[in-house]
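**Student:** just to be clear, the model below is a prediction. Sequence and coordinates:
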Amino acid sequence: MEPDRWDPLIQAYFEGEISADDRKQVELLLETTPAFQEKYQQYQAAYLHLHEAAHQIDPEAYRQAKLKDMAPKKGNMPFRWAVAASILLLAGIFLWWQLRATYSSAAWVASYDVLADFPDGSSRSGTQQNQSLIEQANQALTAGEYEQCLSLVQPISVEDEGAYLEARLLAFQAHWLLGQPEQALNSLQALEQLPVPMASQPLYHWFKALVQLELGNWDEARLALRWLSEENPTSFYQEEARTWLNRMDSGWFDWFN
């Protein structure tokens, strides 16, 4: 079965609206296809969230609290329907929020701190003058002086390859934190004119994945994430990359992005 049929098949399975043949197909795929198992578990988690949300509110307890001194009457049926509708609405909102937090690239990217994984900023190569500029730029970035950081790294040219690499990565972070994703991407693309050392490749591809997700360039984001997942010589954000590749293959990703 083609993967593009998995989403409606799994949805029908959970809703109980599935033929006997399709049910057997689901069970067979669960036993033999890891990618299908992953997608099934995503749907399972979503339905569990809905179930938990629905049971966090006890309709009977709610009715007793509101109608403590009132005996049940036929005229209360509209009220009961209103309570039931409210419960379903709250459960739907809770499920929507959970799914959005999982599948919205904007929510995920916004939660990431680009400073968390960056090196200490002290240049170990290049001229002494450029090493000093890199150190000052890193201090400015840490202090939240992003424009100053950009000004300090601007004079560093590609002729000084070691310092230039650090300068462009610092420029990426400054532009990113200023809310300038296109300029941040330009800072990374400037590195394409020189070989990026293997030690810096994971961070370079991680930053590229982030900015491409922010800009909505899904194919380019997949390329960077796939490198982290399949070609990455380290474990740096390898699992996160695999998780997001799986999310991007889900129908929920298209819905929330």
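**Tutor:** The structure has been received and is ready for your questions. None of these values were measured; they are calculated from a predicted model.
**Student:** is F14 in a helix, a strand, or coil?
**Tutor:** helix (DSSP: H, G, I helix; E, B strand; the rest coil).
**Student:** now swap in Y112 and tell me
**Tutor:** coil.
**Student:** can you get me a residue count around it?
**Tutor:** A count of nearby residues for Y112, using other Cβ atoms under 10 Å, gives 15. Every residue, glycine included, has its C-beta placed from N, CA and C.
**Student:** for it, give me the pLDDT.
**Tutor:** Per-residue confidence (pLDDT) for Y112: 71.
**Student:** where's the residue nearest to it when sequence neighbours are not counted, which helix or strand?
**Tutor:** Using Cβ to Cβ, 6 or more residues apart in numbering and skipping the chain neighbours, the partner closest in space to Y112 is L210 (6.4 Å). Per DSSP states H and E, L210 falls inside helix 201-215.
**Student:** now that helix: average pLDDT?
**Tutor:** 90.
**Student:** which elements pack onto it?
**Tutor:** Applying 3 or more Cβ pairs under 8 Å, 6 or more residues apart in numbering; DSSP states H and E, we find helix 201-215 packed against helix 105-110, helix 161-177, helix 181-189, helix 218-226, helix 238-248.
**Student:** residues contacting the shortest one, please?
**Tutor:** Contact with helix 105-110 is made by R100, A101, L210, L213, E214, G216, A221, W244, F253, N257, as judged by Cβ atoms under 8 Å, 6 or more residues apart in numbering.
**Student:** nearest to L141, of the residues you listed?
**Tutor:** L210 (16.4 Å; Cβ to Cβ).
**Student:** so W6 sits against K39, correct?
**Tutor:** Yes - with contacts counted by Cβ atoms under 8 Å, W6 reaches K39, the gap being 5.5 Å.
**Student:** for this structure, which spans come out with low pLDDT?
**Tutor:** 1, 47-84, 86, 114-125 (pLDDT under 70).
**Student:** apply 90 and report the result again.
**Tutor:** 1-128, 131, 142, 158-163, 165-166, 190-204, 232-240, 243-244, 247, 249-257 (pLDDT under 90).
**Student:** pick out the residue nearest the middle of it.
**Tutor:** W108 (3.7 Å; Cα atoms, centre = their mean).
**Student:** quick one, which of the helices and strands packed on helix 201-215 is packed in tightest?
**Tutor:** Per-stretch averages of neighbours, counted by mean count of other Cβ atoms under 10 Å, single out helix 161-177 among the helices and strands packed on helix 201-215, with a mean of 23.
**Student:** okay, that one in CSV with CA atoms only?
**Tutor:** Output of helix 161-177 as CSV, limited to C-alpha atoms (Å, rounded to 0.1, in the frame of the first residue of the first chain):
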residue,chain,number,x,y,z
GLU,A,161,38.5,31.0,6.3
GLY,A,162,38.6,30.0,10.0
ALA,A,163,37.4,33.3,11.3
TYR,A,164,35.0,33.7,8.4
LEU,A,165,33.1,30.6,9.3
GLU,A,166,32.7,31.7,12.9
ALA,A,167,31.7,35.2,11.7
ARG,A,168,29.0,33.9,9.5
LEU,A,169,27.6,31.7,12.2
LEU,A,170,27.5,34.6,14.6
ALA,A,171,25.9,36.7,11.9
PHE,A,172,23.2,34.0,11.5
GLN,A,173,22.4,34.1,15.2
ALA,A,174,22.3,37.9,15.3
HIS,A,175,19.9,38.1,12.3
TRP,A,176,17.8,35.3,13.7
LEU,A,177,17.4,36.9,17.1
